[in-house]
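1. Need coordinates for the following:
(one chain, ligands or ions: 1)
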Amino acid sequence: MARYTQDSIERLREAIDIVELVSQSTDLRQRGSRWVGLCPFHEERTPSFTVDPREKLYYCFGCHNGGDPITFVRESQALDFAEAVEQLADRYRVELKREREDPQEEERRRRRERLLGLLDRAAGFYATYLWDSSEARKAREYLSGRGLSEDVLRAFRVGYAPSAWDRLLTGARRDGFSEQELHAAGLAQRSQGGRVFDRFRERITFPLADSRGRVLGFGARAMRSEQGAKYLNTAEGELYHKGRHLFGIDQARPAISRERRAVVVEGYTDVLALHQAGVQEAVAIMGTAFTSDQLAELARAVGQDGRIFLALDADSSGQEAMLRVARMAEERQLELRVVELPEGSDPADLAAAEGREGVGTRLQKALSVLEFAVGRVLADADRDSPEGRDRALAQARSLIAQAPERSARRDHLVGLVADGLDVPADYVTSGAIAAAPARRAAAAHDPGPDREHGPPPVSAAVATGPGAASLEAERVFLALCLASGSLGREYLARLQEGHFSSALTRRAGGYLSEHFEDPLESLPVDDTELRELVAGAFLHADEDYAVSESSLQLSFLALDMRRIEREVRQARRDGNFPRVSELASDRQRVRNEMDAVMGQAT
Ligand SMILES: [Zn+2]
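-> Okay, here's the model as predicted:
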C-alpha cells in the first residue's frame, strides 16, 4: 500500500484550513474561538456541529461524529484514507512524498501500476473501436436498440473488442507490454497449441472499475449466439477477483454518498439505463450472488443510516441468498430493501418506461427482505387445501422467527400471513416461532466450538436500537486504538461491555485486546465479519496516520456518551429513575470532558 511520509502528512495537516474545508459542506459562524454550524452528518435545526480551527478538529454534539480534516473528508465523501489524503493534497497544493519502500514492495507497486495502465489502455482501445470502426456497427445498433444514449455509453467507456485474434495483443506489445503482463491483466489467453490470443473478441466490452475509476477488468457480451458464453468476464487474476467488485461504483459513488442509498441491479445495461434515467445510485453485481465484499463496499459508500435497495431477479439470486445478505446487512445495521419488479421486466425496462420518478416510487414501496420472502411464500401457497395452507404456515413461521421478538416488524409479518392464509393471528405465532431465533442466530454467527462467549442474537442488538452510527463510532475507535500504539492499548482497556452496541464490535474489541501487537496473526478463519472489521481497522492503523491523543480521547468519549444514552433508555424502560438521574450526571461529566478536549487550545 502506498505510504506517504510522516512529514508529508504533517505538512498537509498544516496547510489545511479546516473552517474553509468544512464550509464547503455546511455554513459556519464564528462563536468565540470556535465555529459552529448545522451538522452535515445528521438532520438538525439548531447547530451542534463545532469546529476548532486551532486544533483542526470537528465534533458534533448531536450525532457524535468527530475527528480531524482527513476524517472529515473520508466520512463526508466515503473515501479511504489514501484517497482522502490525495484529495486534500491536491486541494491545498501539498506535494506528497512516499516512504522509501522495501524493494519488493516497490516492485509489486510498479507492476500493479503497469497492469492498471495496460487495462486502462485496453478500455480506451475498445471504446474508440466501438465508435470508429465499421465492424462495430451491429454493436452500436444493438446498444441504441436498448435505448442507451451515446453520452451514457461514453461515460461508462463501453467499447467493442474486434473479431481479429490479436489486435489488442499487437498494440500492447508495440507499446512495450510483455505477454506475461497481458496474461496477468486477464486480456490474453493461450490456446492448447501454445498460441497466445486476445481473450475478448467480437464482444461489447464493459470496463469494470474500482471506486476510484481504475479499470480492473471487463465484462464482455457476445454479439452472436454461437460464440459460447453470452457474457465473458476477465479471468480471476492479480487485479480482478470475481464477486468482489461492483460495476458502476466509480460513476455511482458521489450519488450514493449524497442520496445515502444504493440500488443494486443484475446487469451492465440495467446500470446504464438507470443512470440515463437519472438514477445515478445504481451498481451491478454482474451475475454472481451478492457477496459480503460487495456489501462492505456499498456500506462504505452509503455511509451511516444508508439504505441499499436490491432490484434483482428474484429467481436468479434465490431467496436463500437474499436472506443471507439480509443477515449480513443486519449485522452492519444497514437497511436492506427489495424492489419488486413486475413479472418479466428488468430495471432497464422500468427506467426507460417510468424515468427517475417512477423508479423512485418503486423504491418507496420496496419491501424488507422478510416481507418479500413471506410474500413469495404466500404467492406460491396452495390456499385451497388445508394441507397447503399448513405447509405455507410452516414456511412463513420460520421466516417470521427471523424478525426480532416483540417488534412491530414481527407483528406486521404475522398480520400479512394471517390475512394471506386466512387463519387467526395466534395460529401464526404459536410454538414453532419461539424456538427458532436461537437456531438462526447460531447459524448466522457460527461462533465455533472453541469460543466461550456465543454472541447474542442479532435481534437483541437491533432491539436496543443502536443504529449504524454507533457501530461506525465503535469501528473508528478500534482503528484509532490500533494506530496509537501503547496509548491505544490503554484506551482499548477502558472499554467495558456496555460500550459495544453489537455482537460484532464486542467480539472485535475482545479480540484486539488479546492480539493487539499482531492483530492479523490469529484471526479466526471462519469469522468473516470479524476478519473484515479487524483487517479494515488494521489497514487504517497501518497508514502513516499520526493520531493525536485528543482525537483518541474524543472518540472514546463519544462511545461513552452512546453507552450512557443506551443505559438511560434502558433505565427509563425499567422505571429505574434514581439510575436515570445518576446517568444524567455521568452524561454531564462526559460532556464537560469533551468540552475540555475541544477547548484545550483556547
Ligand atoms: Zn451531527
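2. Tell me the buried residues in the longest helix that the chain contains?
-> Longest helix in the chain, counting residues (DSSP state H): helix 103-132. Using 16 or more other C-beta atoms under 10 Å as the test for burial, helix 103-132 gives 114-123, 125-127, 129-130. For the C-beta atoms, the positions are set from N, CA and C on the backbone; glycine is no exception.
3. Output the contacting helices and strands for that helix.
-> Packing contacts for helix 103-132, counted by 3 or more C-beta pairs under 8 Å, 6 or more residues apart in numbering; DSSP states H and E, involve helix 137-145, helix 150-155, strand 159-161, helix 167-174, helix 179-184, strand 203-209, strand 215-222.
4. Just say which of these is most tucked in.
-> strand 159-161 (a mean of 28; mean count of other C-beta atoms under 10 Å).
5. Not counting that one itself, show me its contacts.
-> 123, 125-130, 133, 135-136, 139, 167-168, 198, 200-205, 207, 220 (C-beta atoms under 8 Å, 6 or more residues apart in numbering).
6. try 10 Å this time
-> With C-beta atoms under 10 Å, 6 or more residues apart in numbering as the test, strand 159-161 has contacts from 122-133, 135-140, 143, 153, 167-168, 187, 198-207, 218, 220-221, 223, 232.
7. Please apply the same query to stretch 111-121.
-> 157, 168, 171-172, 175-178, 181-182, 184-187, 207-210, 213-218, 234, 237-240.
8. mind running it again at 8 Å?
-> Contacts of stretch 111-121 (C-beta under 8 Å, 6+ apart): 172, 175, 177, 181-182, 184-185, 187, 207, 214-217, 238-239.
9. Specify the local secondary structure of whatever residue of the stretch 251-400 of the chain ends up closest to the ion.
-> The minimum distance from the stretch 251-400 of the chain to the ion, using C-beta to the ion, falls at Gln304 (9.7 Å). Here Gln304 is recorded as coil under DSSP: H, G, I helix; E, B strand; the rest coil.
10. Check the gap between it and Val338 for me.
-> Applying C-beta to C-beta, to the nearest Å, the value for Gln304 to Val338 is 22 Å.
11. Compare the two and say which one has the larger neighbour count.
-> Set side by side, Gln304 and Val338 show more neighbours around Val338, with 23 against 20, by other C-beta atoms under 10 Å.
12. Please name the bridge partners of the more buried one.
-> Leu310, Leu367 (DSSP bridges).
13. Going forward, the N-terminal residue is numbered 59.
-> Let's use 59 as the start, then, which means that last one is Val396.
14. could you list every residue that touches it?
-> If you count contacts by C-beta under 8 Å, 6+ apart, Val396 has them with Phe367, Leu368, Leu370, Ala372, Met380, Ala424, Leu425, Ser426, Val427, Glu429, Phe430.
15. repeat that for 7 Å
-> Val396 makes contact with Leu368, Met380, Ala424, Leu425, Val427, Phe430, according to C-beta atoms under 7 Å, 6 or more residues apart in numbering.
16. How about Ala354?
-> Glu590.
17. so the longest helix of the chain versus helix 225-232, what angle?
-> 130 degrees (axes from the mean of the first three to the mean of the last three C-alpha atoms, to 10 degrees).
18. going on from the least confident helix or strand in the chain by mean pLDDT, what's the next piece of helix or strand?
-> In the chain, no helix or strand scores lower on mean pLDDT, DSSP states H and E than helix 516-521, which sits at a mean of 29. Toward the C-terminal end, the helix or strand that comes next after helix 516-521 (DSSP states H and E) is helix 525-541.
19. Which elements pack onto that next one?
-> Packing partners of helix 525-541 (3 or more C-beta pairs under 7 Å, 6 or more residues apart in numbering; DSSP states H and E): helix 543-551, helix 561-572, helix 586-600, helix 607-632.
20. For those, give me TSV that also has mean neighbour count.
-> TSV is the format used below for the helices and strands packed on helix 525-541 (neighbours: other C-beta atoms under 10 Å):
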stretch	mean neighbour count
helix 543-551	15
helix 561-572	20
helix 586-600	19
helix 607-632	19
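21. Compare those and give me the one nearest the ion.
-> Closest to the ion of the helices and strands packed on helix 525-541, according to C-beta to the ion: helix 607-632, at 10.9 Å.
22. rewinding a little: adding distance to the ion and mean pLDDT, write the helices and strands packed on helix 161-190 out as TSV.
-> As requested, the helices and strands packed on helix 161-190 are exported to TSV (distance: least, C-beta to the ion, whole Å; pLDDT from 0 to 100):
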stretch	distance to the ion	mean pLDDT
helix 195-203	44	95
helix 208-213	34	96
strand 217-219	44	97
helix 225-232	50	91
helix 237-242	46	91
strand 261-267	32	96
strand 273-280	35	94
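23. can you tell which of those is closest to Ser134?
-> strand 261-267 (22.1 Å; C-beta to C-beta).
24. Keeping just the C-alphas, turn the closest one into CSV.
-> Taking Å, rounded to 0.1, in the frame of the first residue of the first chain, the C-alpha atoms of strand 261-267 are listed here in CSV:
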residue,chain,number,x,y,z
ARG,A,261,-17.9,-8.6,-28.0
ILE,A,262,-19.3,-5.5,-26.4
THR,A,263,-17.0,-4.6,-23.5
PHE,A,264,-18.0,-3.1,-20.2
PRO,A,265,-14.9,-1.9,-18.2
LEU,A,266,-15.1,-2.8,-14.6
ALA,A,267,-13.5,-0.2,-12.4
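25. Just the CA atoms of stretch 275-293, as PDB, please.
-> In PDB, the C-alpha atoms belonging to stretch 275-293 read as follows (Å, rounded to 0.1, in the frame of the first residue of the first chain):
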ATOM      1  CA  GLY A 275     -11.200  -6.000 -15.800                       C
ATOM      2  CA  PHE A 276     -14.000  -6.300 -18.300                       C
ATOM      3  CA  GLY A 277     -17.300  -8.000 -18.700                       C
ATOM      4  CA  ALA A 278     -18.000  -8.700 -22.400                       C
ATOM      5  CA  ARG A 279     -21.200  -9.600 -24.200                       C
ATOM      6  CA  ALA A 280     -21.200 -11.800 -27.200                       C
ATOM      7  CA  MET A 281     -22.700 -10.500 -30.400                       C
ATOM      8  CA  ARG A 282     -23.600 -13.900 -31.900                       C
ATOM      9  CA  SER A 283     -25.400 -16.800 -30.300                       C
ATOM     10  CA  GLU A 284     -22.800 -19.300 -31.400                       C
ATOM     11  CA  GLN A 285     -20.000 -17.500 -29.700                       C
ATOM     12  CA  GLY A 286     -20.200 -19.500 -26.500                       C
ATOM     13  CA  ALA A 287     -20.900 -17.800 -23.200                       C
ATOM     14  CA  LYS A 288     -23.200 -14.800 -23.600                       C
ATOM     15  CA  TYR A 289     -21.100 -13.000 -21.000                       C
ATOM     16  CA  LEU A 290     -17.400 -13.500 -20.600                       C
ATOM     17  CA  ASN A 291     -15.500 -11.800 -17.700                       C
ATOM     18  CA  THR A 292     -11.900 -11.200 -17.100                       C
ATOM     19  CA  ALA A 293     -10.300 -14.300 -15.700                       C
END
